[in-house]
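**Q** Generate a structure from the sequence data that follows.
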Amino acid sequence: MNFIATSKNKVLSFNSDAHVAMFKDWLAKNEGKKIQISIAKNPVSDELRGYYFGCVIPFMKTLCKEWQSLSNDELHEVLKKQFCFFEAWNSVTKRSERFGRPVMSSRSNTEKAGEFIENIRLYVAENYAQKLPDPNEYKSFINSAPTIDEENNNSI
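**A** Numbering: from 1, shown residues only. A predicted model of the protein is given here:
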């Protein structure tokens, strides 16, 4: 079990009372056991994941007609296999194959996710002479959308 907390005034500070309760419960169940505390790697942010799944993947679908029918998750698996992979022996096919690594999950880190997107960016530039949409422009676009309250006020 992993817990995320911040060191603050020489104590652990959790995000919520529920997380504190879960941590105390875990400590009680593991009384007397050795534990390891380490500094967490910079996890992939919701904003980066939003840019990837909300902007990069739809953009990639426009480049290849065979990808247009794939779901976002299916295209994500294709991109991982091409740009963030490891090779291993497949005992079923009796050959070495590529397998995609987790790269955009909350357990991944920002550095690896950035390298992954950069590899996609280079591929798009070299093979299609195009650029991925700018992350800052995408963020501005997303932030410019009206809220539900704004939409309701405009429709009256």
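
**Q** Show me the strands in the chain, by range?
**A** 6-8, 11-13, 85-90, 95-100 (DSSP state E).

**Q** ok now the second one, how far from the chain's centre?
**A** If I follow you right, that is strand 11-13. The chain centre lies 26 Å from the centre of strand 11-13; the measure is Cα atoms, centre = their mean, to the nearest Å.

**Q** Strand partners (parallel or antiparallel) of it?
**A** Strand pairing for strand 11-13, determined by DSSP bridges: strand 6-8 (antiparallel).

**Q** still on that earlier bit, turn the strands of the chain into CSV, columns for mean neighbour count.
**A** Just so you know, the C-beta spots here come from the backbone N, C-alpha and C atoms, and that holds for glycine as well. Listed next are the strands of the chain as CSV, based on neighbours: other Cβ atoms under 10 Å:
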stretch, mean neighbour count
strand 6-8, 9
strand 11-13, 11
strand 85-90, 11
strand 95-100, 12
